[in-house]
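>>> Give me coordinates for this.
(2 chains)
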Number of protein chains: 2
Amino acid sequence: MSDEIRLAVAGLGTVGAGVVDLLHRNGDLIAARAGCRLTVAAVSARDPAKDRGIDLSGALWHDDPVAMAGAGGHDVFVELIGGADGPAGQAVEAALAAGTPVVTANKALIAEHGAALAGKADSAGVALSFEAGVAGGIPIVKAMREGLAGNRIGRVIGILNGTCNYILTDMRRSGRPFEDVLEEAQQLGYAEADPRFDVDGIDAAHKLAILTSLAFGVTVDFAGVSIAGIRKVTPVDIQFAEDLDYRIKLLGIGALTDSGIEQHVEPCMVRRGSPLGAVDGVYNAVMVQSDAADDTTYEGRGAGAGPTASAVVADIVDIARGRALPAFGIPAAALKPQRRADAEARRGAFYVRLIVRDQPGVMADIAAALRDEQVSLENVFQRGRAPNDPVPVVLTTHETGEAALKRALVRIGGLGTVLEDPCLIRIEDS
Amino acid sequence: MSDEIRLAVAGLGTVGAGVVDLLHRNGDLIAARAGCRLTVAAVSARDPAKDRGIDLSGALWHDDPVAMAGAGGHDVFVELIGGADGPAGQAVEAALAAGTPVVTANKALIAEHGAALAGKADSAGVALSFEAGVAGGIPIVKAMREGLAGNRIGRVIGILNGTCNYILTDMRRSGRPFEDVLEEAQQLGYAEADPRFDVDGIDAAHKLAILTSLAFGVTVDFAGVSIAGIRKVTPVDIQFAEDLDYRIKLLGIGALTDSGIEQHVEPCMVRRGSPLGAVDGVYNAVMVQSDAADDTTYEGRGAGAGPTASAVVADIVDIARGRALPAFGIPAAALKPQRRADAEARRGAFYVRLIVRDQPGVMADIAAALRDEQVSLENVFQRGRAPNDPVPVVLTTHETGEAALKRALVRIGGLGTVLEDPCLIRIEDS
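Residues are numbered from 1 along each chain as shown, chains lettered A, B, ... in the order given. Presented below is the predicted three-dimensional model:
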């Protein structure tokens, strides 16, 4: 490429301003690594008058990001608007149609339309890069797509949402319930006013869908992700996890199995001292299990202006260096359709916590329901208080069929002596 | 490049055989990612008759790796012989002179001759890639050179030698002294018969020198690494570390300071639950502290046939894709000479353990020596036994000048009541 790469930046929120700031701050360093200067030639955002604390002199202002994307005059289009549909997607399509490489931080867009967009990028012969869409400042897309290129990947497991990890960490340290901790996290700016996207697991599922596609060379299948958030995790379960030497983390798990690909976002127990068990607070981490490198784990900040800008700039530098690859590592046309695994075939070890009335025969009924579904127990803990008081009963299972266990729990939940819906948490000991 | 990349592989030990095996085992997958097939066109090793359990049919046998490197007939030269001098270096030079890209796992070669070789690669316009030289299966070279390209890196800190980490982990778990654990590690194959390269920190220093160069854009300066190994770490210190909520790890630390670049390999205390504190056994991990991404940490197996082969193949795939970069991310001619930091200026917090005779006045003498060097103490632990018995005294300092503290320790070591050389361990709380 030339001795200058001109960028059109759509979206000047926290991330957009962070990218412009980083390009200025480390301009000489980045130019040395990119082999050319990266300059902001055009920008688009809602309010041209707003003071963002960044220098936009020399950049052409556009009110419409889609028009900017198609207008030419730049070498790379940087999409930092967000959202799976609407102007972000239209602008990316317009840029690709104009033959312009695209860098985006938009996980929702890639998770929901990644395969189609990758095809358009391939047709145009340009890059579609989204390092910033997964796990912020951690170069996990590059690691999987390039660093592990010699490996057959079997599973990818990640702590992919910093808000959830912050809340779970705080619940553990403070002993407080979810609602209290969420409220405080909102006040501190670690959780959004509308927290559903984070705490219900959707954001993590977007990221998982992208990682799964990278791992297994298949089309992105966000709709195929089974999603459970963290609302039902209680201080009681967090304390039992501690007693068992586990930590509860919201994990995204993509796995290649005999029957197809499993994609789950759900609270899981991981060993306290394990690579994922040691990740606290707003940090993200991804473990990739592969046949040659074995387990490799990547940890860092999953959000924020600096980390996200770091990922965006890395993608731009790759494009400037002429090193762009197909979006998912192989041509979009070579991505196989994602065959979803048979849910009935999923296996695992589990933690089950019940609240029961402490009276004779309770355990016999519970044990019978589990036996009838061939569920084999590893441990049972029951701490009696006064007779007839509600007490927690905790069971851990050996590896067992998940569907069978869930059937048993439906039956157990229907027992008169079982006072709340059973709590089921996967134990992820890998 | 063409639809086939022909490799010449020099060295068929554990790593070389692992590379050939991986290329066969995952051939289709690798071809899809590389855009072409990778074939082993030529090999060189000492004993052509030895059964290595790999298929070498179709590969031309060479007795002399240097002659093979210059003979042509291949697109990439893969150096897996090892050693900073001798045939490995000659073969790499011959390959570069012939205009052939080189992939190597040879940390000693790059640490001691990296800048010169990178210059030759640049002159020839070909790649010199060494992902496998640092931290085995962890794609840390790629992460630093590309994934963090937008960042100004301030420090890089790594657990870079799996043998040392295995020994320290085992010492902690078993309470046994260094010599016992080393002997068992040798029997189990986790340590070499001649363990000096590992336990004295030289191997870690080779890797650190490479990481420092990548981090700060400077020429490799292995001779500038201050090196201490793990022989002097005792079970007593490991237990005190536990009591203080630390773990002892052999760290390589490269830091950019006001007075220049610091490079140290030394046993350090790190917080138990921190990203590096949680890394046990043969695992390696590297934390990169940078201005935009903040701390990112990379963990995995640092050695072994599979992990090393994974890194070698990733480098070959990058070359096959036409994505080769200058060896250290920027042209060798642009690497600045490494200005070594003023040793007198180094600061830090420290753990000091003394064995003293438990009699009146000991603490007063110790405290006076520290005061005279302006060393400020954070904690002092002394557990008395019978009077006049030898007892350990542990001090931890606030941030202080390392040189001043060492001067104080020379004076303290000379006290008649101090029975052994003081043990000094840096506390790395970042």
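>>> C-alpha only now, for contacts and for neighbours.
OK.
>>> Pick out the residue in the stretch 151-300 of chain A sitting closest to chain B.
A:A293 (3.9 Å; Cα to the nearest Cα).
>>> Show the contacting residues for that residue.
Listed by Cα atoms under 8 Å, 6 or more residues apart in numbering or on different chains, the contact partners of A:A293 are A:148, A:151, B:137-138, B:300-301, B:306-311.
>>> switch to 7 Å and redo it
Neighbouring residues of A:A293 by Cα atoms under 7 Å, 6 or more residues apart in numbering or on different chains: B:137, B:306-307, B:310.
>>> Next: A:L12.
A:L12 makes contact with A:A45 under the criterion Cα under 7 Å, 6+ apart.
>>> now for the contacts of A:A293, which pair is the farthest apart?
Largest separation among the contacts of A:A293 by Cα to Cα: B:G137 and B:G306, giving 7.7 Å.
>>> So these two - more neighbours on which side?
Between B:G137 and B:G306, counted using other Cα atoms under 10 Å in any protein chain shown, the more crowded position is B:G137 (32 against 26).
>>> next one: phi and psi at the more buried one?
The phi and psi torsions at B:G137 (degrees, to the nearest 10) take the values phi -80, psi 0.
>>> what about it, distance to A:V134?
To A:V134, B:G137 is 21 Å away according to Cα to Cα, to the nearest Å.
>>> ditto for A:V15
To A:V134, A:V15 is 14 Å away according to Cα to Cα.
>>> Between those two, tell me which one has more neighbours.
Applying other Cα under 10 Å to A:V15 and A:V134 shows that A:V134 carries more neighbours, namely 30 against 23.
>>> So what are the sheet partners of the lowest-mean-pLDDT helix or strand in chain A and their directions?
When each helix and strand of chain A is scored by mean pLDDT, DSSP states H and E, strand A:377-382 comes last, with a mean of 90. For strand A:377-382, the paired strands and their directions (DSSP bridges) are strand A:390-397 (antiparallel).
>>> List the contacts of the residue nearest to A:H206 when sequence neighbours are not counted.
Leaving out its chain neighbours, the residue that sits closest to A:H206 by Cα to Cα, 6 or more residues apart in numbering or on different chains is A:A111, at 5.1 Å. The neighbourhood of A:A111, defined by Cα under 7 Å, 6+ apart, consists of A:206, A:209-210, A:220, A:222.
>>> Make JSON lines from these and add pLDDT and distance to B:D180 to it.
Below are the contacts of A:A111 laid out as JSON lines (pLDDT from 0 to 100; distance: Cα to Cα, whole Å):
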{"residue": "A:H206", "pLDDT": "98", "distance to B:D180": "50"}
{"residue": "A:A209", "pLDDT": "98", "distance to B:D180": "48"}
{"residue": "A:I210", "pLDDT": "98", "distance to B:D180": "48"}
{"residue": "A:V220", "pLDDT": "97", "distance to B:D180": "52"}
{"residue": "A:F222", "pLDDT": "98", "distance to B:D180": "53"}
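>>> So which of those is surrounded by the most neighbours?
In terms of neighbour count, A:A209 stands highest of the contacts of A:A111 at 31 neighbours, by other Cα under 10 Å.
>>> Ramachandran angles for the spatially closest residue to that one that is not a sequence neighbour?
Excluding the flanking residues, the one nearest A:A209 by Cα to Cα, 6+ apart is A:F222, at 5.2 Å. Main-chain dihedrals, A:F222, degrees, to the nearest 10: phi -60, psi -40.
>>> ok, now A:S376?
phi -100, psi 130.
>>> contacting residues for the closest residue to A:D372 other than its chain neighbours?
Counting by Cα to Cα, 6+ apart, A:D372 lies nearest to A:A408, which is 7.8 Å off, once chain neighbours are set aside. By Cα under 7 Å, 6+ apart, the contact set of A:A408 is A:369-370, A:373.
>>> Whichever of the residues you listed end up buried, select them in ChimeraX.
Per 16 or more other Cα atoms under 10 Å in any protein chain shown, the buried members of these correspond to this ChimeraX selection:
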select /A:369,370,373
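>>> Can you tell me which of the contacts of A:A408 is nearest B:R231?
The closest of these, once distances to B:R231 are taken by Cα to Cα, is A:L370, at 53.5 Å.
>>> mind checking how far that closest one is from A:E399?
Going from A:L370 to A:E399 by Cα to Cα gives 13 Å.
>>> Also A:V103?
Applying Cα to Cα to A:V103 and A:E399 gives a distance of 42 Å.
>>> The two - which one has more neighbours?
A:V103 (28 against 15).
>>> Check the secondary structure at the more buried one for me.
strand (DSSP: H, G, I helix; E, B strand; the rest coil).
>>> ok, now which ones touch it?
Applying Cα under 7 Å, 6+ apart, the residues near A:V103 are A:77-79, A:128-130, A:312, A:315-316.
>>> sorry, back to before: just give the nearest non-adjacent residue to the residue of the stretch 151-300 of chain A closest to chain B, would you?
Spatial nearest neighbour of A:A293, excluding adjacent residues (Cα to Cα, 6+ apart): B:P307 at 3.9 Å.
>>> A:A341 too?
Spatial nearest neighbour of A:A341, chain neighbours left out: A:G260 (3.8 Å); criterion: Cα to Cα, 6+ apart.
>>> Those residues of the stretch 301-430 of chain A touching chain B, which are they?
Contact residues, the stretch 301-430 of chain A versus chain B (Cα under 7 Å from any Cα of the partner chain): A:306-307, A:310-311, A:313-314, A:323, A:329-330.
>>> can you pick the most crowded of these?
When neighbours are taken as other Cα under 10 Å, the top entry among these is A:A311 (37 neighbours).
>>> Which residue ranges of the stretch 101-250 of chain A form helices?
For the stretch 101-250 of chain A, the helices defined by DSSP state H, counting those that start in this stretch cover A:107-124, A:140-142, A:162-174, A:178-188, A:196-199, A:202-216, A:235-243.
>>> Next: the stretch 251-400 of chain A.
Under DSSP H, counting those that start in this stretch, the stretch 251-400 of chain A gives helices at A:305-320, A:362-372.
>>> Could you find the residue in the stretch 301-430 of chain A that comes nearest to chain B?
Nearest residue of the stretch 301-430 of chain A to chain B: A:P307, at 3.9 Å (Cα to the nearest Cα).
>>> Test my guess that that residue contacts A:G136.
Yes: between A:P307 and A:G136 a contact is recorded at 5.4 Å, counting by Cα atoms under 7 Å.
>>> Return every residue with contacts to both of those two.
Residues touching both A:P307 and A:G136 (Cα under 7 Å, 6+ apart): A:R301.
>>> contacting residues around A:G254?
A:155-157, A:208, A:212, A:262-264.
>>> who does it bridge with?
Under DSSP bridges, the beta-bridge partners of A:G254 are A:V156, A:Q263.
>>> Roughly how far does it sit from A:G273?
22 Å.
>>> Repeat that for A:F222.
From A:F222 across to A:G273, the span is 31 Å (Cα to Cα).
>>> Confirm that A:H74 lies within a helix, as I assumed.
No: judged by three-state DSSP, A:H74 forms no part of a helix; its state is coil.
>>> pretty sure it contacts A:R6?
Yes: under the criterion of Cα under 7 Å, A:H74 makes contact with A:R6 at 4.8 Å.
>>> overlap in contacts of these two?
Joint contacts of A:H74 and A:R6 (Cα under 7 Å, 6+ apart) are A:A41.
>>> any low-confidence regions in chain A?
Low-confidence segments of chain A (pLDDT under 70): A:1-2, A:384-386, A:430.
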